[in-house]
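K.L.:
Need coordinates for the following:
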Amino acid sequence: MKKYVIGLDYGSDSVRAVLIDTDNGAELASSVHNYKRWSEGKYCNSSENRFRQHPLDHIEGLEFTIKNVLQTSQINPEQVVSICIDTTGSSPIPVTQEGTPLALVPGFEENPNAMMVLWKDHTSIKEAEEINELAQRSLEDYTKYVGGIYSSEWFWAKILHIAREDKQVKDAAYSWMEHCDLMTFILADHKDLASFKRSRCAAGHKAMWHESWGGLPPEEFLNELDPYLGELRGRLFTETYTSDEVAGHLNEEWATKLGLTTNTVIAVGTFDAHAGAVGAKVDENILVRIMGTSTCDIMISSYEQIGDRTVKGICGQVDGSVIPGCVGLEAGQSAFGDLLAWYKDILLWPVNSILMNSELLSSSQKEALREEVSDKLIRSLTQEAENIPLSDAVPIALDWINGRRTPDADQTLKASISNLSLGTKAPHIFKALVNAICFGSKKIVDRFEDEGVKIEKVIGIGGVARKSPFIMQTLANVLNRPIIVAESDQAPALGAAIYAAVAAGVHPTVIEASNKMGSEFEAEYFPQVDQVIKYESFMEQYQQLADFTESNIKAKKRYELKV
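P.N.:
Numbering: from 1, shown residues only. So this is what the prediction gives:
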């Protein structure tokens, strides 16, 4: 009997499921579910960088997508041998002692602080600074395996912020779980929160978990930040597990809901970018760029290659976070597609605010107009931007619209744009923003290589990689190296399915499963020599603007502290 696995990938806006043949990685069916409450803007305040999601969006999406792929494929439910879930991160959520998300408890259904704190929520900048200050004066630097800087995007900072802001949530939350652990827990038959297998990937990259100090940072360190964190530590976890391991089997409730059997293995959860690298056949000296709303840049290294070195300014180096038996290295940009989406929203303002209120058009005409302009806007900007010669006066922009993740995390930084004139048109600004996200990518590549991590090949995955030849060609020119693009539309979900196949015992190792089931490649972009030289001079201007902007923001901060 043929064996199939399901990979479930939770992104920022939607969840998608893929049903995969374990023999060859062929996709039998896929399904996508957009988060209803999130799309309505509930529980968020972008002006405060507060981004929260209701767990019902995730639970409803889980049921919808898995049922859909089973119905579409019409396979025997007994042939689905395993499920693995990947999610964004760090995206922690408060839970009760039974593991119920607090937002599902009466009295907390509409409280944003009881929701999942999405990866790009930056409300905890102050708490992250406190963690960094304490780590720097401690005998042991508990941030050294996460690049030496703890980010407001991560686990402890977010929890500390919520605890200080909302006593009700603090008192009602027995524990906290990363999103990938929670969704795995919901499906699994293992219901003891204390012994449930938590993700090594999530804990190592975002919660300062490391073998050398026995797991999470010690109680004494956390107590110095806030006694609540020291107390919470005992209700979290000690051991962590890689995603080729079994977290449990599908419980009866969800087996009935989904139309599957309780024989289906539930693998340990993981993060989307790390699963995406597995789906793209990651190997040593290969940088896999997962390019969507943000980017995650993933590499693996052998123990011999990385040795005792710690790579400064990245988002962590964690044993087994990508491939068991190798050290996973993570970096990334806090905004990639998000920067272009921000610009699109600005340009759509007249349509949304003026034309949509016009009394000359019917409701259906207004909606048709809005959809047409929205659908064609980026495509039109791209066509025009491609035709702008490099000799034209294109502005220089920074990609820090949502802060800087790597190198050297600093979420207080803001984007800037310079060299504007009366001759600057919308396509010029669009081209500047595309250049900016590519220059930010170059800074990451340079940091890896400066720290002795060799990069021989770059693989691009995700919506931007597949849909925008303009961006990919610009990136190849800026990085001055070829970039190949993975064929799969759903590389993270495919990577999760690969982990599932190993957890179910279908394949012996993740590397072997990845080689058999991973994505093929559909395109390759090569550097254009004449453009490479020009982009080197633009890169210098980007760096000058970055230095100027960063120094001014820090000077302003020092002044505010004095006042």
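
K.L.:
Against Ile300, how distant is Pro324?
P.N.:
Going from Pro324 to Ile300 by CB to CB, to the nearest Å gives 10 Å. Using the backbone N, CA and C atoms, a C-beta is placed for each residue, glycine as well.

K.L.:
Actually, Ile290.
P.N.:
In terms of CB to CB, Ile290 sits 14 Å off from Ile300.

K.L.:
Can you pick out the residue with more neighbours from these two?
P.N.:
When neighbours are counted by other CB atoms under 10 Å, Ile290 comes out ahead of the other of Ile290 and Ile300, with 31 against 26.

K.L.:
For that one, name its beta-bridge partners.
P.N.:
Partner residues in beta bridges with Ile290: Cys296, Ile461, with DSSP bridges as the criterion.

K.L.:
Run a quick neighbour tally on Lys67.
P.N.:
Taking other CB under 10 Å as the criterion, the count of residues near Lys67 is 16.

K.L.:
Can you name the residues that contact it?
P.N.:
For Lys67, the contacting residues are 258-259, by CB atoms under 8 Å, 6 or more residues apart in numbering.

K.L.:
and it, backbone torsions?
P.N.:
Comment: the main-chain dihedrals of Lys67 come out as phi -60, psi -40, following degrees, to the nearest 10.

K.L.:
State the distance from it to Glu550.
P.N.:
From Lys67 across to Glu550, the span is 49 Å (CB to CB).

K.L.:
likewise Pro324?
P.N.:
Noted for Pro324: a distance of 38 Å to Glu550, by CB to CB.

K.L.:
Break down the stretch 401-550 of the chain into its strands, ranges please.
P.N.:
With DSSP state E, counting those that start in this stretch applied, the stretch 401-550 of the chain shows strands at 417-418, 457-461, 483-486, 521-525, listed in chain order.

K.L.:
Report the central residue of this protein.
P.N.:
Central residue check for the chain by CA atoms, centre = their mean: the C-alpha nearest the mean position is that of Thr88, 4.5 Å away.

K.L.:
That residue contacts Ser12, correct?
P.N.:
Yes: in this structure Thr88 lies within contact range of Ser12 using CB atoms under 8 Å: 6.0 Å.

K.L.:
any common contacting residues for these two?
P.N.:
Common neighbours of Thr88 and Ser12 are listed as 118-119 (criterion: CB under 8 Å, 6+ apart).

K.L.:
Could you list the low-pLDDT ranges of the protein?
P.N.:
When residues are selected by pLDDT under 70, those of the chain lie in 563.

K.L.:
which helices and strands does the helix ranked longest in the chain pack with?
P.N.:
If you go by DSSP state H, the chain has its longest helix at helix 529-562. Of the remaining helices and strands, those touching helix 529-562 by 3 or more CB pairs under 8 Å, 6 or more residues apart in numbering; DSSP states H and E are strand 396-397, helix 426-450, helix 469-479.

K.L.:
tell me the most buried of those?
P.N.:
Compared across the helices and strands packed on helix 529-562, strand 396-397 shows the largest average neighbour count, a mean of 24 (mean count of other CB atoms under 10 Å).

K.L.:
Now Glu127: which helix or strand?
P.N.:
In this structure, Glu127 is located in helix 125-137 according to DSSP states H and E.

K.L.:
oh, I was asking about Lys312
P.N.:
Assigning secondary structure by DSSP H and E places Lys312 outside every helix and strand.

K.L.:
contacting residues around it?
P.N.:
147-148, 407-408, 447, 451.

K.L.:
who touches the helix holding Glu127?
P.N.:
141-143, 149-152, 154, 156-158, 160-161, 164, 221, 224-225, 411-412.

K.L.:
Next: stretch 218-229.
P.N.:
Applying CB under 8 Å, 6+ apart, the set of residues contacting stretch 218-229 from outside is 130-131, 134, 138, 140, 142, 156, 159-160, 163-164, 170, 216, 230, 232-234.

K.L.:
and if we set it to 6 Å?
P.N.:
Outside stretch 218-229, the residues that touch it by CB atoms under 6 Å, 6 or more residues apart in numbering are 134, 160, 163, 230, 233.

K.L.:
Pull the contacting residues for the fourth one.
P.N.:
Just to be clear, that refers to Gly230. The contact partners of Gly230, by CB under 6 Å, 6+ apart, come to 219, 222-223.

K.L.:
please redo it, this time with the cut-off set to 10 Å
P.N.:
With contacts defined as CB atoms under 10 Å, 6 or more residues apart in numbering, the neighbours of Gly230 are 217-224.

K.L.:
and those residues, which are buried?
P.N.:
217, 221-222 (16 or more other CB atoms under 10 Å).

K.L.:
In helices, which of those appear?
P.N.:
Of the buried ones among the contacts of Gly230, the ones assigned to helices by DSSP H are 221-222.

K.L.:
Relative to Gly269, which of the buried ones among the contacts of Gly230 is nearest.
P.N.:
If you rank the buried ones among the contacts of Gly230 by distance to Gly269 using CB to CB, Pro217 comes first, at 21.8 Å.
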